[in-house]
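In: after the sequence you'll find the predicted model.
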Amino acid sequence: SSPGSREVDVVVIGAGQAGLSTAWALVHQGFAPGTGFVVLDADEAPGGAWQHRWPSLTLGTTHRVHDLPGLPFAPGAGELRAADAVPAYFADYERRFDLPVHRPVRVRAVRRTDDDRFRVESDSGEWTARAIVNATGTWTRPFVPRYPGQELFRGRQLHTVDYRSADEFAGRHVVVVGGGASATQLLGEISTVTSTTWVTRRPPVWREGPFDEDAGRRAVALVEEAVREGRRPGSVVGVTGLLVSTPYVRDALERGVLERLPMFDLITEDGVAWHDGRFVAADVILWATGFRAAVRHLAPLRLRGKHGGIRMEGTHVAGEPRIHLVGYGPSASTIGANRAGQAAARQLRRLLKDPGELPR
Ligand code: FAD
């Protein structure tokens, strides 16, 4: 069915940490759930990307999932699966605050209308809005770099998003690519059932724990600068470094699993090779090489600049205070998404509900 266009002040796209914290904040800024704003989410069930994370990812092995505003996350034991515990919390959150989440609704395109509003086109009809908060995360845009010979490889190639469990690799040699937390975690697991090789572009940055807030702030500042200049944002979680104190990292270090090789130069039918003649035979290449922002549906708005990214001022697109990107760039962490959601909602209230007062 294709219902007619529904009119609201704000459409929030995505119901992960970023979309839900924004929704909560919009209610508190006086936007009526349903008539003032809606949240459109492509997934079948609550939980954002967390519902798709591999089963062995527990709350104890994540960095930390911060509470959404207004309802503490009481996860209990660290052994709980993140893919169960976080979606259960989000489902409870949506119910508790009666948030107007429509799902599954996949947004295909956002366009400007003739009267300078936004038309949000989805696989379940259209909405017209005076402002947009995009909170679509990165999980649906896994990034795999290109290397010569990649298409010749006869083994299996997969990305972090496809990983389910180490057992499926038993007896096969696995090359894990990537210098982030996902790479070290998957190496830790896979190396308990089979042999592995780790390659990263840059030497990994090890950080002696506990996680220090200054390092976090410096990492966020770097990403902030990138998006202010319109460059592609790197991952905040990525630039904070690898925590030596994490039990699975310590264990993998002790077992000698985290001896890293520089990035290979090419891929052959049966392995990976370096220009200096080195070769490692491989059955599997696991690309733990990160993500890009899932913003293709915003393409008709032509937000990308000459540096390949979207130039930002705080949480909104530079020069366009009606389009906010929450969970993008410096706010792509659970705590960052919370803060950005509040900031976006406050600015939208000033912009849409307090005529005469200039947005800040
Ligand atoms: P998501 O949770 O990805 O939610 C996006 C939502 O948007 C989804 O529900 C999706 O269905 C929807 N969507 C996407 N496209 C569309 C569309 N076109 N139309 C409609 N809906 C759409 N951060 C931390 O702070 N602590 C951690 O411990 C931590 N651990 C992590 C572990 C892993 C393995 C990974 C990959 C990331 C981790 N991060 C962590 C980063 C963290 O997950 C994110 O910063 C944060 O959870 C993302 O929330 P989000 O709302 O932006 O995105």
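Out: Done, it's in. In this text, all values refer to a predicted model and were calculated from it rather than measured experimentally.
In: packing partners for the longest helix seen in the chain?
Out: If you go by DSSP state H, the chain has its longest helix at helix 334-353. On a contact count with 3 or more Cβ pairs under 8 Å, 6 or more residues apart in numbering; DSSP states H and E, helix 334-353 meets strand 6-13, helix 17-28, strand 125-134, strand 320-325. C-beta here means a position set from N, CA and C on the backbone, and glycine is covered the same way.
In: ok, the closest residue to Leu303 other than its chain neighbours - contacts?
Out: Closest residue to Leu303 apart from its sequence neighbours, by Cβ to Cβ, 6 or more residues apart in numbering: Ile310 at 4.6 Å. Neighbouring residues of Ile310 by Cβ atoms under 8 Å, 6 or more residues apart in numbering: 227, 230, 295, 303-304, 317, 325, 328.
In: same deal with His297?
Out: Contacts of His297 by Cβ under 8 Å, 6+ apart are 13, 107-110, 136.
In: count residues in the vicinity of the nearest residue to it once chain neighbours are set aside, would you?
Out: Distances taken as Cβ to Cβ, 6+ apart place Val107 nearest to His297, at 4.8 Å, with adjacent residues excluded. Using other Cβ atoms under 10 Å, the number of residues around Val107 comes to 24.
In: how near is Val107 to Glu151?
Out: 32 Å (Cβ to Cβ, to the nearest Å).
In: show me where pLDDT drops low in the stretch 251-360 of the chain?
Out: 355-360 (pLDDT under 70).
In: got the residues of it near the ligand?
Out: 294, 297, 327, 332-335, 337 (Cβ under 6 Å from any ligand atom).
In: which of those residues count as buried?
Out: 294, 297, 327, 332-335, 337 (16 or more other Cβ atoms under 10 Å).
In: adding distance to Phe279, write the residues you listed out as CSV.
Out: Below are these laid out as CSV (distance: Cβ to Cβ, whole Å):
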residue, distance to Phe279
Ala294, 36
His297, 42
Gly327, 41
Ala332, 37
Ser333, 38
Thr334, 41
Ile335, 43
Ala337, 43
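In: which two from those end up farthest apart in space?
Out: Greatest spatial distance in those: His297 and Ile335, 25.8 Å, computed using Cβ to Cβ.
In: now the helix or strand containing Gly188: average pLDDT?
Out: Per DSSP states H and E, Gly188 falls inside helix 181-190. On average, the pLDDT along helix 181-190 is 94.
In: does the ligand sit close to it?
Out: Yes: with Cβ under 6 Å from any ligand atom as the criterion, the ligand is reached by helix 181-190 at Ser182.
In: what residues does that helix touch?
Out: Residues contacting helix 181-190 (Cβ under 8 Å, 6+ apart): 56-57, 61, 63, 160, 163, 165-166, 169, 174, 176-177, 196, 198, 200, 204, 237-238, 242, 248-249, 251-252, 257-258, 286, 288.
In: and that helix, C-alpha only, in CSV?
Out: Taking C-alpha atoms only, helix 181-190 is exported to CSV below (Å, rounded to 0.1, in the frame of the first residue of the first chain):
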residue,chain,number,x,y,z
ALA,A,181,38.9,-3.5,18.1
SER,A,182,36.9,-5.8,15.9
ALA,A,183,40.1,-7.2,14.3
THR,A,184,41.7,-8.0,17.6
GLN,A,185,38.6,-9.4,19.1
LEU,A,186,37.9,-11.7,16.1
LEU,A,187,41.6,-12.8,16.0
GLY,A,188,41.4,-13.6,19.7
GLU,A,189,38.4,-15.9,19.0
ILE,A,190,39.5,-17.5,15.8
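In: low-scoring stretches of the stretch 101-250 of the chain, by residue?
Out: 209-212, 236-240.
In: hey, where'd the helices end up in it?
Out: 181-190, 213-228, 236-239, 247-254 (DSSP state H, counting those that start in this stretch).
In: Pro46: which of these is closest?
Out: helix 236-239 (22.0 Å).
In: phi, psi for Val65 please.
Out: phi -100, psi 110 (degrees, to the nearest 10).
In: measure the residue nearest to it when sequence neighbours are not counted to His324 for me?
Out: Nearest-residue entry for Val65: Thr334, 5.3 Å, with adjacent residues in sequence omitted and distances by Cβ to Cβ, 6+ apart. Applying Cβ to Cβ, the value for Thr334 to His324 is 18 Å.
In: so what's the residue count around the nearest residue to Gln29 once chain neighbours are set aside?
Out: Of all residues not flanking Gln29 in the chain, Arg349 sits nearest, at 3.8 Å (Cβ to Cβ, 6+ apart). Applying other Cβ under 10 Å, we find 20 other residues in the vicinity of Arg349.
In: can you check Pro75 too?
Out: 16.
In: wait, it sits on Leu59?
Out: Yes: using Cβ atoms under 8 Å, Pro75 is in contact with Leu59, at 5.1 Å.
In: anything in contact with each of these two?
Out: Joint contacts of Pro75 and Leu59 (Cβ under 8 Å, 6+ apart) are 65, 85.
In: circling back: of the contacts of Ile310, closest to the ligand?
Out: Nearest to the ligand among the contacts of Ile310 is Tyr328, at 7.7 Å by Cβ to the nearest ligand atom.
In: which residue sits closest to that closest one in space, ignoring its chain neighbours?
Out: Ala293 (5.6 Å).
In: repeat for Phe31
Out: That would be Phe37: by Cβ to Cβ, 6+ apart, it lies 4.7 Å from Phe31.
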